[in-house]
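>>> could you work out the structure for the sequence below:
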Amino acid sequence: MFSFVLPLAMVSILFVSCKKDKDNKPQQSSESTFKDPRDQKIYKLVTIFGQTWFAENLNYEMDGSSSCADDSCDKYGRLYTGPDAKMACPEGYHLPTDEEWRTLEHNLGMSDDDTAKVGVYETRGVSESIGMRLAKGGSSGFNAIILGNGTYFWSSDTQKDYWQYQYMRILHPNDSSVYRTFNGKPEKAKLCVRCLKN
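As a prediction, the model looks like this:
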């Protein structure tokens, strides 16, 4: 009798210890805050599979060169040119590289084939609903507020064949995709910034 009960108990323990969320992927690990010593603004943080991100857009005014997203800096953060975005994050944080964005997407379940896609018409991570999981209220905790026709985020590096083309990500309203593409005029275009811990 005892020999039958012990294996059954072991199976039950294994089943419980391997439980995952409804998306069959572990949830993000933690959330906290960071105070920017430059202007004392406080930002929510979220750690997603080892990467600690700002859980809201950066709202640091850089010598008057940044502007308010949708006319509300406090709610939506500020918009920065590509060169300014590379210098905007506080000490200890940085503008994420394209590879770091791809790591986030992969950790949330996006396939390697999808993370490698480039272009405004190339849908990525749709079957895993990555776009919705990154949006405000989504399961990742990233909490991206999607504005109007979409929200655009800078990446720090440029496309290797076109050095002036800076990588970016786009999230559209009610869209499960995360679009990965370039901006050909980063010195003029102004996009959102999410800082990533060093």
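>>> what about residue 131, which SS state?
Secondary structure for residue 131, judged by DSSP: H, G, I helix; E, B strand; the rest coil, is helix.
>>> before we move on, what about residue 169?
At residue 169 the chain is in strand, as set by three-state DSSP.
>>> how much space is there between it and residue 64?
Distance, residue 169 to residue 64, using Cβ to Cβ, to the nearest Å: 26 Å. C-beta: built from backbone N, CA, C; applies to glycine.
>>> more neighbours, these two?
Ranked by neighbour count (other Cβ atoms under 10 Å), residue 169 and residue 64 place residue 169 first, with 26 against 6.
>>> need the per-residue pLDDT for that one.
On pLDDT, residue 169 comes in at 98.
>>> same thing with the one 3 residues further on?
Taken from the predicted model, the pLDDT recorded for residue 172 is 97.
>>> and the one 3 residues further on, by the same measure?
Note on residue 175: pLDDT of 96.
>>> which residues touch it?
Contacts for residue 175 (Cβ atoms under 8 Å, 6 or more residues apart in numbering) come out as 131-132.
>>> find the residue at the geometric middle of this structure.
residue 142 (5.9 Å; Cα atoms, centre = their mean).
>>> what are the ranges of the helices in this structure?
2-17, 73-76, 82-88, 98-107, 112-115, 130-134 (DSSP state H).
>>> show me the shaky parts of the chain.
1-31, 162-163 (pLDDT under 70).
>>> tell me where the protein has strands.
Counting by DSSP state E, the chain has strands at residues 30-35, 42-48, 51-54, 67-68, 78-79, 93-94, 151-159, 162-171, 179-183, 196-197.
>>> quick one: list the elements packing against the fifth one.
Read that as strand 78-79. Under the contact criterion of 3 or more Cβ pairs under 8 Å, 6 or more residues apart in numbering; DSSP states H and E, strand 78-79 touches strand 67-68.
>>> partner strands of the strand it packs on and their direction?
Strand 67-68 has the following strand partners under DSSP bridges: strand 78-79 (antiparallel).
>>> who's in contact with the partner strand?
Contacts for strand 78-79 (Cβ under 8 Å, 6+ apart): 57-61, 66-69, 190-193.
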